[in-house]
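> What follows is a predicted structure for the sequence shown.
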Amino acid sequence: MKRRPTEGGFTLPELLVSIVILGLIVGPLTAATIFVLRNDETSTNVFGDNTTARLTKMFFTADVQSANDIDIVTDDTGQCGTGTPIVTMAWTKNASDYTSSWYQHTPLGEAQQLVRHLCQDGPLVAENHLGAIAAADYVDPVLTITALDGFVFTVSATSRVSA
């Protein structure tokens, strides 16, 4: 007895069911991809603004609480670091003199950055790039930052050290 070769392939109902299942999977994936692509820039801006705000709050509060001298500066003569100066704070701890200088700095080909320089007994010991900004202003005791997308946040603190 000879065997009949089996017919390979799919039946029409099997093909239709697989197309329906594929549509149920690909449809939501396509919608999710379009959503992410449309909102990617907004999400990135919000994340960047949030990071800049958190870092600014952390460093600014610590610097102000340590400072026994806070100066609004208009030029960078004698300051710790370079850029457009915003505010400089100074304090002494464990027989070392510290200076924290806050700047707006624009690296070549990049957006303007909020930068904090920390010097100990003169030399730079830390440089913190806190994020891209449009503007920064200090009016005692409030630091106001405007992000690139127009988001504005303020940080204020008071010194723990009597002046």
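Cool, the structure landed. Bear in mind that the values here come from a model prediction, so they are computed numbers and not experimental data. Residues are numbered from 1 along each chain as shown.
> List the buried residues of stretch 24-43.
For stretch 24-43, a neighbour-count test (16 or more other CB atoms under 10 Å) marks nothing as buried. (C-beta placed from N, C-alpha, C; glycine too.)
> Extract the C-alpha trace of that stretch and format it as CSV.
The C-alpha trace of stretch 24-43 is given here as CSV (Å, rounded to 0.1, in the frame of the first residue of the first chain):
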residue,chain,number,x,y,z
LEU,A,24,-4.5,42.5,17.8
ILE,A,25,-0.8,42.5,18.6
VAL,A,26,0.6,45.0,16.1
GLY,A,27,-2.2,47.6,16.5
PRO,A,28,-1.5,48.5,20.2
LEU,A,29,2.3,48.3,19.5
THR,A,30,2.0,50.8,16.7
ALA,A,31,-0.2,53.1,18.8
ALA,A,32,2.3,52.9,21.7
THR,A,33,5.3,53.6,19.4
ILE,A,34,3.5,56.7,17.9
PHE,A,35,2.7,58.0,21.4
VAL,A,36,6.3,57.6,22.6
LEU,A,37,7.7,59.3,19.4
ARG,A,38,5.3,62.2,19.7
ASN,A,39,5.9,62.7,23.5
ASP,A,40,9.6,61.9,23.6
GLU,A,41,10.8,65.6,23.6
THR,A,42,8.3,66.7,26.2
SER,A,43,9.2,63.8,28.4
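> ok, residues contacting it?
Applying CB atoms under 8 Å, 6 or more residues apart in numbering, stretch 24-43 has no contact partners.
> pull the CA atoms of the lowest-mean-pLDDT helix or strand in the chain into CSV?
None of the helices or strands of the chain scores lower by mean pLDDT, DSSP states H and E than strand 69-72, at a mean of 74. The C-alpha trace of strand 69-72 is given here as CSV (Å, rounded to 0.1, in the frame of the first residue of the first chain):
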residue,chain,number,x,y,z
ASP,A,69,29.2,85.3,53.5
ILE,A,70,26.9,85.5,50.4
ASP,A,71,27.7,87.9,47.6
ILE,A,72,25.8,88.8,44.5
